[in-house]
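[1] sequence and predicted model, in that order:
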Protein chains: 2
Amino acid sequence: MARQESNTRTAILDAAGRLFYAEGIRAVSVDAVAAAAGVTKRTLYYHFTSKDELIAEYLQSRDQPNLNLFRKWFDAEAGGAADKVHAIFAHVAAASRHPKWKGCGFLRTAAELANMPGHPAIAIGAAHKRKFEDWLAGELESRSVLEPKRLARQIQVLLDGAFATTLINRNSDYVLAAGDAARSLVAQLEPGPSGS
Amino acid sequence: MARQESNTRTAILDAAGRLFYAEGIRAVSVDAVAAAAGVTKRTLYYHFTSKDELIAEYLQSRDQPNLNLFRKWFDAEAGGAADKVHAIFAHVAAASRHPKWKGCGFLRTAAELANMPGHPAIAIGAAHKRKFEDWLAGELESRSVLEPKRLARQIQVLLDGAFATTLINRNSDYVLAAGDAARSLVAQLEPGPSGS
DNA sequence: GTCTATAAGCCGATAGAC
DNA sequence: GTCTATCGGCTTATAGAC
């Protein structure tokens, strides 16, 4: 079966993503990934040169899907920019109540690899966060919100804080608190009746 | 030397703290901690029953020192509550520029142990964050800032977001952005000329 | 209380057959 | 492209001497 190549590769990447997110990068062995994918370790090493490459590709595979979720939540919410931003946090809060929730894979991976600042996976995480920030700044700007870049950066830090706190406090109260804060910050700079 | 007991224990805990913070919980072996403390592994296991206990005690040993830092930075800043809160972030930003900076040990440990929600170390992290939140709420309330509890929680999430982003973005811009956001949120609720 | 020595198994990665 | 088999080293934790 010469053309099964990409199927096998995808199966390995899917298994890696599931396990890395559920248990953490260093807690999951290459053996475990191979077993979950239904291949031998030797096959895994045929498709990926190292565990580090597997980690990097796992995060890369989550980049667009995650961004699309944020866009969907933002677009689906009626109302002004403040309410749309708040909706993102409300949806994250709901997701955080799911039993399989384990926070943000990008942040958790960066935390695990804090002693390897040059690791490719961290650069992929940085690019992901940057894309979110840039997208949000564009949305705010097109709605004539003041200081869109500064505000988008503040909201991103707030969202990362929300992700981080879910790992310490099981309930979603802190995510909702972050959402309230984000809405306040946007409302201060939003045009219209409640603006300046 | 019957009374060297607590010295040895302290040496082990110091070494553990240094290594766990610098390289991460799972990246550091018990062998490495024992070697750094200048004792054998058997001695380490005489003083601590397991690596998990060592992890928990490492975080416990950081609880009060970290809280004292926050208090010191807050108290040393002249001006109103908004400026005092901002000062905490400014000092964290400065600390994050140090080459040995690796973020918040409590959050990084929680991220590494995300697959073990009942781990004692996570409870210690939760208690630490809660103490910070309660202390800050008290400071805000005594300065007649409105909704002190809600605000303290928002600021804590912002601070955790600042910690988290330093692991992805090397520079301290995001910490400063968080500090600006925190100051804005306090200023909105602070009494006086700029208040309602 | 601290030591030497070791258990028993898992780690990432590779050799070579087919 | 996938397999079986294995390397050398590291993992947490323990046995037993002193």
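    Received the coordinates, thanks.
[2] can we go C-alpha only for contacts and neighbour counts from here?
    Will do.
[3] buried residues in stretch A:164-179, which are they?
    Going by neighbour count (16 or more other CA atoms under 10 Å in any protein chain shown), the buried part of stretch A:164-179 is A:164-169, A:172, A:174-179.
[4] err, stretch A:104-124, not the other one
    Going by 16+ other CA under 10 Å, stretch A:104-124 has these buried residues: A:104-115, A:117, A:119-124.
[5] restricted to helices, list the residues you listed.
    Mapping the buried residues of stretch A:104-124 onto helices (DSSP state H) picks out A:105-112, A:120-124.
[6] okay, residue A:64 and DNA strand D: tell me how far apart.
    26 Å (CA to the nearest atom of the strand, to the nearest Å).
[7] cool, and residue A:39?
    Applying CA to the nearest atom of the strand to residue A:39 and DNA strand D gives a distance of 4 Å.
[8] show me what from chain A comes close to chain B.
    A:22-24, A:26-27, A:102, A:107-108, A:110-115, A:122-123, A:125-126, A:150, A:153-154, A:157-162, A:164-165, A:167-169, A:174, A:177-178, A:181, A:184-185 (CA under 8 Å from any CA of the partner chain).
[9] what's near enough to touch the residue nearest the centre of chain A?
    Closest to where the C-alpha atoms of chain A average out (CA atoms, centre = their mean) is residue A:104, at 5.0 Å. Going by CA atoms under 8 Å, 6 or more residues apart in numbering or on different chains, residue A:104 touches A:163, A:164.
[10] secondary structure element holding the residue nearest to residue A:168 when sequence neighbours are not counted?
    Once flanking residues are discounted, residue A:168 sits nearest to residue B:126: 5.5 Å by CA to CA, 6 or more residues apart in numbering or on different chains. Here residue B:126 sits within helix B:120-142, counting by DSSP states H and E.
[11] how far out from the middle of the chain is that helix?
    Offset of helix B:120-142 from its chain centre (CA atoms, centre = their mean, to the nearest Å): 10 Å.
[12] do the least confident helix or strand in chain A by mean pLDDT and DNA strand C meet?
    The helix or strand of chain A with the lowest confidence, counting by mean pLDDT, DSSP states H and E, is helix A:5-23 at a mean of 94. No - Helix A:5-23 stays clear of DNA strand C (CA under 7 Å from any atom of the strand), getting no nearer than 10.7 Å.
[13] how far off helix A:5-23 does the very next helix or strand once past that helix point, in degrees?
    Counting by DSSP H and E, the next helix or strand C-terminal to helix A:5-23 is helix A:30-37. Using axes from the mean of the first three to the mean of the last three CA atoms, to 10 degrees, one finds that helix A:30-37 and helix A:5-23 are set 120 degrees apart in direction.
[14] helices and strands around helix A:30-37, which ones?
    helix A:5-23, helix A:41-47 (3 or more CA pairs under 8 Å, 6 or more residues apart in numbering or on different chains; DSSP states H and E).
[15] could you export those as TSV, including distance to residue B:73?
    Formatted as TSV, the helices and strands packed on helix A:30-37 follow (distance: least, CA to CA, whole Å):
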stretch	distance to residue B:73
helix A:5-23	36
helix A:41-47	51
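[16] among these, which is nearest residue B:12?
    Of all the helices and strands packed on helix A:30-37, it is helix A:5-23 that lies closest to residue B:12, at 28.0 Å by CA to CA.
[17] just checking, what packs against the closest one?
    helix A:30-37, helix A:41-47, helix A:51-76.
[18] TSV for those helices, including distance to residue B:68 and mean neighbour count?
    What follows is the helices and strands packed on helix A:5-23, written out as TSV (distance: least, CA to CA, whole Å; neighbours: other CA atoms under 10 Å in any protein chain shown):
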stretch	distance to residue B:68	mean neighbour count
helix A:30-37	42	18
helix A:41-47	49	15
helix A:51-76	37	16
